[in-house]
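Engineer: Sequence and computational prediction follow.
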Amino acid sequence: MMRSGIVNRFSTEQARFVAGAHVDEPAPHKAPVDGGLESFSNLPLQVLLHFNTYFYIAWAAAVLIVTERNANGPWSFNLTGILYCTLFVLEPLRILMGYFGNLAERISGLAAFGLVTFFLSVPSGLYIMYDSRNPAILALNIVFNVVLLSECIFTYGAMDKMSQHESAHHHVLNPTLGAHGFDDRLRETHL
């Protein structure tokens, strides 16, 4: 019992020496499964998110100034006003989810970002662009929608790349899995 505790404290090289192996014998080198330090975050998506962070501030300020001047009261609460309020709250959270999903290489964060972008921000942005009467706000909304649609495209590409890497990584670590993720050995024993 005492001997195993002492051996466990040694490093692998020292334990091999104690067990009788030669010291000058090199340890077998195992390549990392994922190929090293390759990053799977999407750089164009990250650039768009960075641009969208600053563009959102300018867009929100311009919309607030123009809407305040043109409205009958502080806010004219029709559908456009409600969509603006929703986008003012939703957009920072959406951008944060994109940063989290892309930089942390999390498919779940990118999926949440992509779903919120595609199903909430894009339709709201398209309606606001269609409904805007001020040419300056129309120009800002066109740029806003181009950025949103570009983010949708790059998000899909980033999620596809990350999911392919994860499935390849999973199949390298467990080569007995078949094409559908089931253990082929189990299937053969039940046939």
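Structural biologist: Thanks, I have the structure now. Numbering: from 1, shown residues only.

Engineer: Okay, helices next: where are they in the protein?
Structural biologist: Assigned by DSSP state H, the helices in the chain fall at 2-9, 12-19, 43-70, 79-103, 107-116, 122-131, 135-173, 184-190.

Engineer: Least confident secondary structure element in the protein?
Structural biologist: None of the helices or strands of the chain scores lower by mean pLDDT, DSSP states H and E than helix 2-9, at a mean of 47.

Engineer: Neighbours of S132, how many?
Structural biologist: Neighbourhood size, S132 [other Cβ atoms under 10 Å]: 18. (Glycine included, C-beta is placed from N, CA and C.)

Engineer: contacting residues for it?
Structural biologist: By Cβ atoms under 8 Å, 6 or more residues apart in numbering, the residues touching S132 are 138, 141.

Engineer: Look up how far I107 lies from it.
Structural biologist: 35 Å (Cβ to Cβ, to the nearest Å).

Engineer: try Q46
Structural biologist: 16 Å.

Engineer: ditto for C152
Structural biologist: Distance from C152 to I107, by Cβ to Cβ: 16 Å.

Engineer: Pull out the buried residues from stretch 153-171.
Structural biologist: Judged by neighbour count (16 or more other Cβ atoms under 10 Å), stretch 153-171 contains these buried residues: 154-155, 158-159, 162, 165.

Engineer: a markdown table for these, including pLDDT and distance to Y56?
Structural biologist: Output for these, formatted as a markdown table (pLDDT from 0 to 100; distance: Cβ to Cβ, whole Å):
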| residue | pLDDT | distance to Y56 |
| --- | --- | --- |
| F154 | 95 | 17 |
| T155 | 94 | 17 |
| A158 | 91 | 20 |
| M159 | 91 | 23 |
| M162 | 87 | 25 |
| H165 | 81 | 30 |
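
Engineer: any idea which of those is closest to S121?
Structural biologist: T155 (11.6 Å; Cβ to Cβ).

Engineer: burial of the nearest residue to the closest one once chain neighbours are set aside, as a residue count?
Structural biologist: For T155, ignoring the flanking residues on the chain, the nearest one in space by Cβ to Cβ, 6 or more residues apart in numbering is G114 at 4.2 Å. Using other Cβ under 10 Å, G114 is surrounded by 22 other residues.

Engineer: L148 is in contact with T117, isn't it?
Structural biologist: Yes. Under the criterion of Cβ atoms under 8 Å, L148 makes contact with T117 at 6.1 Å.

Engineer: Burial-wise, tell me which of the helices of the chain comes out on top.
Structural biologist: helix 107-116 (a mean of 19; mean count of other Cβ atoms under 10 Å).
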